[in-house]
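Peer 1: Just need the structure, nothing else, for what follows:
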Amino acid sequence: MTESIRLPAAQLKPSTVALPGSKSISNRTLLLAALSDNICEIRSLLKSDDTDRMLEALEKLGVRIEFLEEGRLQIQGTGGRFPNRSADLFLGNAGTAFRPLTAVLAVLGGDYHLHGVPRMHERPIGDLVDALRTAGADVRYLGNENYPPLQINERSDNGVHEIPIKGNVSSQFLTALLMALPLTGEAFDIRMVGELISKPYIDITLKLMAQFGVHVVNEDYRVFKIPAGARYHAPEVLHVEGDASSASYFLGAGLISGAPIRVTGIGLNSIQGDVAFARELEKIGAHVVWGDNFIEISRPAHQSVLPFDLDANHIPDAAMTLAVIALASGKPCTLRNIGSWRVKETDRIAAMATELRKLGAEVVEEPEAIYITPPAALKADVAIDTYDDHRVAMCFSLVSLLGTPVIINDPKCTHKTFPTYFEVFASITE
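Peer 2: Sure thing, here's the model as predicted:
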């Protein structure tokens, strides 16, 4: 029997939630600090399964890490060359660790074995490996072609400085290449082949690289120019923003319930694209207040939750929350251009469709879209399967705010990014 948690039908009380650190920023920052030529203190770091896997990998690669107190640590940079040129790295299901480490280790060269949980071995990485091979890397598949596990060997400098890469499966492939190529000290042009999805995540990467002293020229997301002579130099102290994707559940709760919910750790100047989720909520009935370090959402009593038809390519993770918010609208809703859901922690289009149907919704799924028609009345005490996917578990907690008790199976899957999620959610309900 899988462990489960029952969430009774509940109302929200006006609340403030301090967000955990951003997963995307935390793992990028850890790797960039490790590759820098100086010491960096990182504050407000996310404590989760994904960051644990990155920290374990860096320590195996010989990086000196001093843990100061919860959420604070100090990293002694390696000057762009890891001390240990041979390692066996288990990276769980952490794409934000697996993809960038693959690129960095392939560019630096050595003897590295990278592997993860079975689902990680079903998540494609071929587009990244093809690009790395163009740059002279020796990366080999140990199982199925185009998928982990991987063996990485010494790279040969083949003189190629224009690298094509596809961006229509995951923006993490481009992120990985952007972070890795400066380690060569040479100039590179990275050219996009076809569409680049999730551009806001590339913005996070470029802004963080700039904070670490490497400025990439972005030519309309078609060509990215890596300068020659680049090296990473860390800020002495770096604060990790709150996680904007995790904020979506609380902001969505504020819209559904009407009670004012404030999240802190993100705001007007956030570098994360998922803050745009608040602007999408504004279009469907939310009242939004923006601060430098907070976003607050409520809904006026006279305002209902409106149906929507949204191209969600710019907010793929946060858009999952909208699939549950659709139930509050009472009318058909559509999320489009979300093909990347198919290759995440699980096939998220299939998972969301299956679980929404359990609640009574009519759902049509396409390769890159989902159409949701809410039922007249939700089914109560439905057991929601979560597919070892943290976001599925957190999304469906919002059903309890629709006057319907719900059971969430395997709630501990939230440890990937937000280990205390259900405790925090309980604290804002009454």
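
Peer 1: biggest strand in the protein, by residue count?
Peer 2: In the chain, assigned by DSSP state E, the strand with the most residues is strand 188-196.

Peer 1: C-terminal to it, what's the next element?
Peer 2: Once strand 188-196 ends, the next helix or strand along the chain (criterion: DSSP states H and E) is helix 199-211.

Peer 1: Show me what the helix or strand following that following helix is packed against.
Peer 2: Later in the chain than helix 199-211, the nearest helix or strand by DSSP H and E is strand 217-219. Strand 217-219 sits against strand 223-226, with contacts defined as 3 or more C-beta pairs under 8 Å, 6 or more residues apart in numbering; DSSP states H and E. In this view, the C-beta of every residue, glycine as well, is placed from N, C-alpha and C.

Peer 1: For the strand it packs on, which outside residues touch it?
Peer 2: 174, 178, 181-182, 186-192, 214, 216-219 (C-beta atoms under 8 Å, 6 or more residues apart in numbering).

Peer 1: Farthest-apart pair in those residues, please.
Peer 2: 186 and 192 (20.1 Å; C-beta to C-beta).

Peer 1: neighbour count winner among those two?
Peer 2: residue 192 (19 against 16; other C-beta atoms under 10 Å).

Peer 1: Identify the bridge partners of the more buried one.
Peer 2: For residue 192, the residues forming beta bridges with it (DSSP bridges) are residue 165.

Peer 1: follow-up on the earlier one: out of the contacts of strand 223-226, which are buried?
Peer 2: Buried members of the contacts of strand 223-226, counted by 16 or more other C-beta atoms under 10 Å: 174, 178, 181-182, 186, 188, 190, 192, 214, 216.

Peer 1: Can I get these in CSV including pLDDT and distance to residue 378?
Peer 2: Shown next, in CSV, are these (pLDDT from 0 to 100; distance: C-beta to C-beta, whole Å):
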residue, pLDDT, distance to residue 378
174, 98, 40
178, 98, 44
181, 98, 50
182, 98, 51
186, 98, 58
188, 98, 52
190, 98, 47
192, 98, 43
214, 98, 50
216, 98, 47
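
Peer 1: So which of those is the closest to residue 330?
Peer 2: Closest to residue 330, out of all of the buried ones among the contacts of strand 223-226 and judged by C-beta to C-beta, is residue 174, at 39.5 Å.

Peer 1: what about residue 54, which helix or strand?
Peer 2: In the assignment (DSSP H and E), residue 54 maps to helix 49-60.

Peer 1: helices or strands next to that helix in the packing?
Peer 2: helix 23-35, strand 64-69, strand 86-90, helix 95-108.

Peer 1: closest one to residue 260 among the ones you listed?
Peer 2: Across the helices and strands packed on helix 49-60, closest to residue 260 is helix 23-35 (C-beta to C-beta), at 26.2 Å.

Peer 1: Distance from the chain centre to the helix or strand just after that closest one, please.
Peer 2: Sequence order places strand 39-43 as the next helix or strand after helix 23-35, per DSSP H and E. Its chain's average C-alpha position is 22 Å from that of strand 39-43, according to C-alpha atoms, centre = their mean, to the nearest Å.

Peer 1: can you check stretch 252-262 too?
Peer 2: Put simply, stretch 252-262 sits 23 Å off its chain's centre (C-alpha atoms, centre = their mean).

Peer 1: can I get the CA coordinates of that stretch in CSV?
Peer 2: In CSV, the C-alpha atoms belonging to stretch 252-262 read as follows (Å, rounded to 0.1, in the frame of the first residue of the first chain):
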residue,chain,number,x,y,z
GLY,A,252,-3.8,29.4,-7.5
ALA,A,253,-5.3,28.8,-4.0
GLY,A,254,-5.8,32.5,-3.5
LEU,A,255,-7.7,32.7,-6.8
ILE,A,256,-9.9,29.6,-6.1
SER,A,257,-10.7,30.6,-2.5
GLY,A,258,-10.7,34.4,-2.8
ALA,A,259,-8.7,34.8,0.4
PRO,A,260,-5.6,37.0,0.1
ILE,A,261,-2.5,34.8,-0.1
ARG,A,262,1.0,36.4,-0.3
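
Peer 1: can you list the residues that contact it?
Peer 2: 11-17, 250-251, 281, 284-286, 289, 294-301, 305, 321-322, 324-325, 328, 398, 401-402, 425, 428.

Peer 1: follow-up on the earlier one: elements contacting the longest strand of the chain?
Peer 2: Strand 188-196 packs on strand 162-167, helix 171-180, strand 223-226, going by 3+ C-beta pairs under 8 Å, 6+ apart.

Peer 1: Compare the ones you listed and give me the one nearest residue 272.
Peer 2: helix 171-180 (13.0 Å).

Peer 1: Summarise which helices and strands the closest one is packed against.
Peer 2: Looks like helix 171-180 contacts helix 23-35, helix 95-108, helix 126-134, strand 162-167, strand 188-196, helix 199-211, strand 223-226 (3+ C-beta pairs under 8 Å, 6+ apart).

Peer 1: Among those, which comes closest to residue 385?
Peer 2: helix 95-108 (21.3 Å).

Peer 1: And the next helix or strand past that closest one?
Peer 2: strand 111-115.

Peer 1: Helix or strand: which one has the closest residue to residue 186 other than its chain neighbours?
Peer 2: With sequence-adjacent residues excluded and distances taken as C-beta to C-beta, 6 or more residues apart in numbering, residue 186 is closest to residue 228, at 5.7 Å. Secondary structure assignment for residue 228, by DSSP H and E: no helix or strand.

Peer 1: List the residues that contact residue 228.
Peer 2: 185-187.

Peer 1: can you redo those as CSV with distance to residue 381?
Peer 2: Formatted as CSV, the contacts of residue 228 follow (distance: C-beta to C-beta, whole Å):
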residue, distance to residue 381
185, 60
186, 60
187, 60
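
Peer 1: give the contact list for the closest residue to residue 406 other than its chain neighbours.
Peer 2: Excluding the flanking residues, the one nearest residue 406 by C-beta to C-beta, 6+ apart is residue 399, at 4.2 Å. Residues near residue 399 by C-beta under 8 Å, 6+ apart: 7, 324, 327, 359, 378, 382, 384, 406.

Peer 1: Against residue 407, how distant is residue 399?
Peer 2: 10 Å (C-beta to C-beta, to the nearest Å).

Peer 1: joint contacts of those two?
Peer 2: Common neighbours of residue 399 and residue 407 (C-beta under 8 Å, 6+ apart) are 7, 382, 384.
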